[in-house]
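Asker: Sequence plus predicted model, see below.
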Amino acid sequence: MAAGQPQNVVIVGSGQAGYQAAASLRENGFQGPVTIVGDEPGLPYQRPPLSKAYLTGKTDEEGLLLRARPFFDDRGIDVLAPERAARIERAERRLVLGSGLSLPYGHLVLATGARNRPLAVPGADLDGVLYLRTRADADRLRAQMSEARRIVVIGAGFIGLEFAAVAAARGVEVTVLEAASRPMSRALSLPMSDFFREAHEAAGLRLVFGAVVTRIEGRGGRAVAVETAAGEMYPCDLVLVGIGVMPNAELAAEAGLAIGNGIVVDAHLLTADPAISAIGDCAAYPSPHAGGRASRLESVQNAVDQARAVAARLTGSPAPYAAVPWFWSDQGSLKLQIAGLAVPHEETIIRGDPASGAFSVFCYEGERLLGVESVNRPADHMIARRLLAAGLGVTREEAADPGLDLKARASALLTR
């Protein structure tokens, strides 16, 4: 064991972040025991396909797995699942599980993720009111959507619209109710948001904005309609609720760690306890791409990069976490890619023609490029990631010039 390395590492959470932390520790030569504790049965699996390929049957349970069993066995990574982490005994450096088992740790990595925000209205507990976050959620949804003729989706965020696009492609009548004035308003610029509204409506989705859900009506114990504050009733056979997530921070809070829209960590992803780190959807960290403001990001990229950063620190190569955030969402034939943290911003510049279904929106604060949103323009996305990683950006005037060779300009900037 190298000097300064912990004797062993226990990871709470078997999602993307937890898996990557374990894998990266071994890649970096860590030889001590590594244990993943997961509250879902089975091995770590991917979540993005749940709302697309898995839901449509294009991939199966085995296809979801991040790695098959031999990967963990060959690397000596223990996966305890399903097991619930009940409490952290910080003074003793011990994690106590719901089963009563106690795991001593040299370092504890909290990769506890997030859970669906519940819909708090009468009728939300009726049969046919479903969520989509886990494989079990997807199994229930897939079983019931095959018989549904009318579906109401509550929430026009990424998950809601991804599912709505899948359902509409099957010929189902889909209504999306959103309390805000436009789709994906917390994540997208106005031009991009407007584009997706028009594209989804053209594909047959019914989108209703400013729609605050007040009640779900049931018959025989099953949801049959959704009512809004305006008194409108939307008949349905199935309801999908997608109104955001909440970080799983209770374990950390009960252990006396600081909480603020997630588990508070520093630039090295450490909590106030030097033996405990937090990564992924549950962690609130000071992002240099948000002016140092505490940020909690829900993306595969963030989970993977934070896991790698913690593994590097634990194996002797510490560095502040500064990876460029990027996100994606596949909605029907539209692939949305976002580089950077562009909301809020002051000005947007559109490159390309939205009518063609392939364009990008460059988002600025003053002269600073904050982020780039792209639809079906992967080259723009990759260029944006490279520029933002280097702290660079094309000017507003350059972005607005349709004759600008973006790749050449980026190469010139990056080789200065």
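Answerer: Perfect, thanks for sending it.

Asker: CA only for contacts and neighbour counts going forward, please
Answerer: Fine.

Asker: Give me the mean pLDDT for the helix or strand encompassing residue 380.
Answerer: Assigned by DSSP states H and E, residue 380 falls within helix 378-389. The average pLDDT for helix 378-389 rounds to 96.

Asker: what's in contact with that helix?
Answerer: 323-324, 326, 337-340, 360, 369-374, 393, 406-407, 410, 414 (C-alpha atoms under 8 Å, 6 or more residues apart in numbering).

Asker: if you set the cut-off to 10 Å instead, what comes out?
Answerer: 289, 322-326, 335-340, 351, 358-362, 369-375, 390-394, 406-407, 409-411, 413-414 (C-alpha atoms under 10 Å, 6 or more residues apart in numbering).

Asker: Over to stretch 315-323?
Answerer: 1-6, 24-26, 28-31, 266-269, 285-289, 301-302, 305-306, 308-313, 340, 385, 388-389.

Asker: Where does pLDDT dip in the chain?
Answerer: 1-3 (pLDDT under 70).

Asker: Domain map for it?
Answerer: 9-115+246-314, 129-243, 333-414 (automatic domain parsing).

Asker: so which of the ones you listed gets nearest residue 121?
Answerer: Each of the domains of the chain has some distance to residue 121 by C-alpha to C-alpha; the shortest is domain 129-243, at 5.4 Å.

Asker: list the contacts for residue 295?
Answerer: 260-262, 264, 281, 283-289, 341.

Asker: Then residue 287?
Answerer: Counting by C-alpha under 10 Å, 6+ apart, residue 287 has contacts 266-267, 293-297, 320-325, 341.

Asker: can you give me the strands for the stretch 1-150 of the chain?
Answerer: Counting by DSSP state E, counting those that start in this stretch, the stretch 1-150 of the chain has these strands, from start to end: 9-12, 34-37, 77-80, 85-89, 94-97, 102-104, 107-110, 114-116, 129-130, 150-154.

Asker: how about CSV for the ones you listed, with mean neighbour count added?
Answerer: Output for the strands of the stretch 1-150 of the chain, formatted as CSV (neighbours: other C-alpha atoms under 10 Å):
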stretch, mean neighbour count
strand 9-12, 26
strand 34-37, 23
strand 77-80, 19
strand 85-89, 19
strand 94-97, 18
strand 102-104, 16
strand 107-110, 25
strand 114-116, 18
strand 129-130, 20
strand 150-154, 25
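
Asker: Make JSON lines out of the ones you listed and add distance to residue 241.
Answerer: Output for the strands of the stretch 1-150 of the chain, formatted as JSON lines (distance: least, C-alpha to C-alpha, whole Å):
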{"stretch": "strand 9-12", "distance to residue 241": "27"}
{"stretch": "strand 34-37", "distance to residue 241": "28"}
{"stretch": "strand 77-80", "distance to residue 241": "30"}
{"stretch": "strand 85-89", "distance to residue 241": "27"}
{"stretch": "strand 94-97", "distance to residue 241": "31"}
{"stretch": "strand 102-104", "distance to residue 241": "36"}
{"stretch": "strand 107-110", "distance to residue 241": "27"}
{"stretch": "strand 114-116", "distance to residue 241": "9"}
{"stretch": "strand 129-130", "distance to residue 241": "6"}
{"stretch": "strand 150-154", "distance to residue 241": "5"}
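
Asker: Give me the longest helix you can find in this protein.
Answerer: Secondary structure of the chain per DSSP state H: the longest helix is helix 300-314.

Asker: just checking, what packs against it?
Answerer: helix 16-27, strand 107-110, strand 276-278, strand 326-331 (3 or more C-alpha pairs under 10 Å, 6 or more residues apart in numbering; DSSP states H and E).

Asker: Compare those and give me the one nearest residue 40.
Answerer: That would be helix 16-27 among these, by C-alpha to C-alpha, at 12.7 Å.

Asker: that older thread, turn the helices and strands packed on helix 300-314 into a markdown table, columns for distance to residue 180.
Answerer: Shown next, in a markdown table, are these (distance: least, C-alpha to C-alpha, whole Å):
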| stretch | distance to residue 180 |
| --- | --- |
| helix 16-27 | 30 |
| strand 107-110 | 33 |
| strand 276-278 | 31 |
| strand 326-331 | 19 |
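
Asker: most packed of these?
Answerer: strand 276-278 (a mean of 27; mean count of other C-alpha atoms under 10 Å).

Asker: Can you name the next helix or strand after that one?
Answerer: In N-to-C order, the element after strand 276-278 by DSSP H and E is strand 283-286.

Asker: export the helix holding residue 380 as PDB, just CAs?
Answerer: What follows is helix 378-389, C-alpha atoms only, in PDB (Å, rounded to 0.1, in the frame of the first residue of the first chain):
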ATOM      1  CA  PRO A 378     -22.100  16.800 -32.900                       C
ATOM      2  CA  ALA A 379     -19.100  18.600 -34.400                       C
ATOM      3  CA  ASP A 380     -20.300  21.900 -32.800                       C
ATOM      4  CA  HIS A 381     -20.700  20.100 -29.500                       C
ATOM      5  CA  MET A 382     -17.200  18.600 -29.500                       C
ATOM      6  CA  ILE A 383     -15.600  22.000 -30.500                       C
ATOM      7  CA  ALA A 384     -17.500  23.700 -27.600                       C
ATOM      8  CA  ARG A 385     -16.200  21.100 -25.100                       C
ATOM      9  CA  ARG A 386     -12.600  21.700 -26.200                       C
ATOM     10  CA  LEU A 387     -12.900  25.500 -26.100                       C
ATOM     11  CA  LEU A 388     -14.600  25.500 -22.700                       C
ATOM     12  CA  ALA A 389     -12.100  23.100 -21.200                       C
END
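
Asker: quick one: contacts of the very next helix or strand once past it?
Answerer: Sequence order places helix 396-400 as the next helix or strand after helix 378-389, per DSSP H and E. In this structure, residues lying in contact with helix 396-400 by C-alpha under 10 Å, 6+ apart are 347-352, 360-364, 366-369, 393-394, 404-406, 409.
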